[in-house]
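# quick one, what's the 3D model for this:
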Amino acid sequence: MKKMTVLTGITTTGTPHLGNYVGAIRPAIEASRDENVNSFYFLADFHSLIKCQDPVRVHQSRREVAAAWLALGLDTDRSTFYCQSDIPEIPELTWILTCMTAKGLMNRAHAYKAAVQENEENGSPDPDKGITMGLYSYPILMAADILMFNANVVPVGRDQIQHLEMARDIAQRFNHHFGEHFVLPEARVDESTAVLAGLDGRKMSKSYNNYIPLFAPENALRKMIMKIVTNSQAPEEPKDTEGCALFDMYRAFATPEQVGEMRKKFAAGIGWGHVKQELFEVVNAQLAEPRNRYAELITNPDYIEKVLKQGAEKARTSSRPFLHRIRRAVGIRPLSD
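Next comes the predicted model:
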């Protein structure tokens, strides 16, 4: 039976936080252990240039994110782990696909429309003020990432479904003109994926500056957990687990047995300080070993680079011959043919 190909892009803008771990990194690493799946994981460093023009930050984020995934147990023998920028076939395929993509399709991209709307709301005479071609056309780069490896499934959040639909549209148009070459990818949205609240109760996000870094030192981790906003219910007053940010975070790290016990403690009126202490203990227990591994990796960039280069070479055993096939399909082939 042919293995299903699953491809996951990893954002490289900023240090990973607990929300990234619970919502994306942990489930992806668990999924990579499925022997019936051919897993590709790539650092989307070309994509990061759209939002970040700080070369120091771009460079640092690539190292931090790669170290985090390795520290958390990604099996690079079983999966393919690489940097987008180490696959030269990706930019070339992006241009070929760009030549097949209708401008109207890009006009409908959510990110572009949101940027235009913001300009209009701010009264700018130019609706495209501050909008780069990177922002405008990045769905084509995303399509190239996916179509290059003929991914069957791409795990995405709901806000990314449109990009998968665009990749399918572009692939279908290419296949119609040049024959069947691209697999049409399917979006996989996991409704059960946990979404953690941040320090202020809103969704944990770098944008809100309310996040807890994934590998914060033990003392710093405890201090940040103790700062999580709670209501004014007193100790011994029964508390509701429904919609409680502390309980949701505890459930994301604790065993089912521990979660059951915590429910009883909520009903019995456990104080918020005690909840935070127990939350710290389960989070720290799960992350202590990876944190130590991360500390080792982050000081050994040569090793990280070696792993990523090996992954890129592994990926290129697919991308090189496939791009050769695509080049021939569009007519870019030896003149003697």
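
# buried ones in the longest helix along the chain?
Longest helix in the chain, counting residues (DSSP state H): helix 301-330. By neighbour count on 16 or more other CB atoms under 10 Å, the buried set for helix 301-330 is 304, 307-308, 311-312, 314-316, 318-319, 322-323, 326, 329. Backbone N, C-alpha and C define where each C-beta goes, glycine included.

# tabulate the residues you listed in TSV, adding columns for distance to residue 286.
Shown next, in TSV, are the buried residues of helix 301-330 (distance: CB to CB, whole Å):
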residue	distance to residue 286
304	23
307	23
308	26
311	26
312	30
314	30
315	30
316	35
318	34
319	36
322	39
323	41
326	44
329	48
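
# residue 125: which of the residues you listed is nearest?
Relative to residue 125, the closest of the buried residues of helix 301-330 is residue 326; by CB to CB it sits at 41.7 Å.

# any idea of the pLDDT on that closest one?
Residue 326 is assigned a pLDDT of 98 by the prediction.

# helix or strand for the nearest residue to residue 182 once chain neighbours are set aside, just tell me which one.
Distance criterion CB to CB, 6 or more residues apart in numbering; nearest residue to residue 182, sequence neighbours excluded, is residue 171 at 3.8 Å. Residue 171 belongs to helix 161-178 when assigned by DSSP states H and E.

# now the closest residue in space to residue 270 that isn't next to it in sequence, what are its backbone angles?
Take residue 270 and drop its neighbours on the chain: the residue closest to it by CB to CB, 6+ apart is residue 239, 7.0 Å away. Residue 239 adopts backbone torsions of phi -120, psi 150, taken as degrees, to the nearest 10.

# could you do residue 155 as well?
Torsion angles, degrees, to the nearest 10, at residue 155: phi -70, psi 130.

# looks like the residue nearest to residue 182 contacts residue 143 (just checking).
Yes - using CB atoms under 8 Å, residue 171 is in contact with residue 143, at 7.3 Å.

# below-threshold pLDDT in the stretch 151-300 of the chain: ranges please.
Within the stretch 151-300 of the chain, the stretches with pLDDT under 70 are 191-193.

# which residue ranges of it form strands?
Counting by DSSP state E, counting those that start in this stretch, one finds strands in the stretch 151-300 of the chain at the ranges 153-155, 186-188.

# does anything pack onto the helix or strand containing residue 140? Which helices or strands?
According to DSSP H and E, residue 140 maps onto helix 133-148. Judged by 3 or more CB pairs under 8 Å, 6 or more residues apart in numbering; DSSP states H and E, the packing partners of helix 133-148 are strand 4-10, helix 45-51, helix 89-98, helix 103-107, helix 110-121, helix 161-178, helix 301-330.

# what number of residues lie near the residue nearest to residue 270?
Residue 239 has 22 neighbouring residues, counting by other CB atoms under 10 Å.

# now do residue 146
Neighbours of residue 146 using other CB under 10 Å come to 25.

# so it makes contact with residue 156?
No - taking contacts as CB under 8 Å, residue 146 lies outside contact range of residue 156: 10.2 Å.

# shared neighbours, the two?
residue 164 (CB atoms under 8 Å, 6 or more residues apart in numbering).

# where does the stretch 1-150 of the chain dip in pLDDT?
1.

# on that earlier part again, for residue 299, which of the strands of the stretch 151-300 of the chain is the nearest?
strand 153-155 (31.0 Å).

# got the contact list for residue 202?
208, 210.

# same thing but at 6 Å, please
residue 208 (CB atoms under 6 Å, 6 or more residues apart in numbering).

# and it, what are its phi and psi?
Torsion angles at residue 202 (phi, psi; degrees, to the nearest 10) stand at phi -80, psi 170.

# on that earlier part again, closest to residue 89 out of the strands of the stretch 151-300 of the chain?
Comparing the strands of the stretch 151-300 of the chain by CB to CB, strand 153-155 comes nearest, at 18.3 Å.

# and the helices in the stretch 201-337 of the chain?
218-226, 245-253, 256-268, 272-298, 301-330 (DSSP state H, counting those that start in this stretch).

# quick one on the thing from earlier: for residue 195, which of the strands of the stretch 151-300 of the chain is the nearest?
Nearest to residue 195 among the strands of the stretch 151-300 of the chain is strand 153-155; the distance by CB to CB comes to 14.8 Å.

# which helices and strands does the closest one pack with?
In terms of contacts (3 or more CB pairs under 6 Å, 6 or more residues apart in numbering; DSSP states H and E), strand 153-155 is packed against strand 4-10, strand 186-188.

# which residues touch the longest one?
Spelled out, that is strand 4-10. Contacting residues not belonging to strand 4-10 are listed as 28, 37-44, 146, 149, 151-155 [CB under 6 Å, 6+ apart].
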